[in-house]
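Asks: Got a predicted structure plus its sequence, pasted below:
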Amino acid sequence: MKRFTYPAVLYNDEELFALVVPDLGLVSDGPTVEKAFEEMHSQLEIFLNCSLYLEYEIPPATGYKEVSESKAKHVVLLVTEKAEGNKNKE
């Protein structure tokens with residue numbers, strides 16, 4: 001089982017919180033930060049497992065410091081997920 005950690009940029013307006021993982025093009029949203037974060041975990045898990053199953057190259061994560069400096073007006077969170085793909089692929 002492999003562990004992956006990616007920086008996610010938090011955006012918000014009056015009604016919605018959104019998280020974006022720039023390295024993977026994943027976007028999640030929710031009425032609270034917690035809901036957006038939960039949704040991002042689900043999306044990341046699906047993305048990683050499918051990529052491993054299909055033997056798709058998973059892009060490396062950009063460093064937290066680099067992302068937080070480039071998005072200085074936003075909060076940057078780290079999203080970590082474990083994945084193993086499907087060992088019984090035919």
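Replies: Nice, I can see it. Just so it is clear, the structure is predicted and the values come from calculations on it, not from any experiment. Residues are numbered from 1 along each chain as shown.

Asks: Apart from its chain neighbours, what residue comes closest to M40?
Replies: Nearest residue to M40, sequence neighbours excluded (C-beta to C-beta, 6 or more residues apart in numbering): S28, at 4.1 Å. Using the backbone N, CA and C atoms, a C-beta is placed for each residue, glycine as well.

Asks: OK, contacts around L24?
Replies: Under the criterion of C-beta atoms under 8 Å, 6 or more residues apart in numbering, the contact list for L24 reads Y6, L44, F47, P59.

Asks: picking that back up, any idea how far the residue nearest to M40 is from E15?
Replies: Distance, S28 to E15, using C-beta to C-beta, to the nearest Å: 15 Å.

Asks: Show me which of the two is the more surrounded one.
Replies: It is S28, of S28 and E15, that has more neighbours when counted by other C-beta atoms under 10 Å, with 21 against 7.

Asks: so the more buried one makes contact with E34?
Replies: No - using C-beta atoms under 8 Å, S28 is not in contact with E34, being 11.4 Å away.

Asks: Give me the neighbour count for the nearest residue to P60 once chain neighbours are set aside.
Replies: Nearest residue to P60 in three dimensions, chain neighbours excluded: D23, at 7.4 Å (C-beta to C-beta, 6+ apart). Applying other C-beta under 10 Å, we find 15 other residues in the vicinity of D23.

Asks: same thing with P31?
Replies: 10.

Asks: mind checking pLDDT for the closest residue to T5 other than its chain neighbours?
Replies: Using C-beta to C-beta, 6+ apart and skipping residues adjacent in sequence, the residue nearest T5 is T80, 4.4 Å away. pLDDT recorded at T80 is 95.

Asks: for the helix or strand hosting T80, packing partners?
Replies: T80 belongs to strand 75-83 when assigned by DSSP states H and E. On a contact count with 3 or more C-beta pairs under 8 Å, 6 or more residues apart in numbering; DSSP states H and E, strand 75-83 meets strand 2-12, strand 17-21, helix 33-53, helix 64-70.
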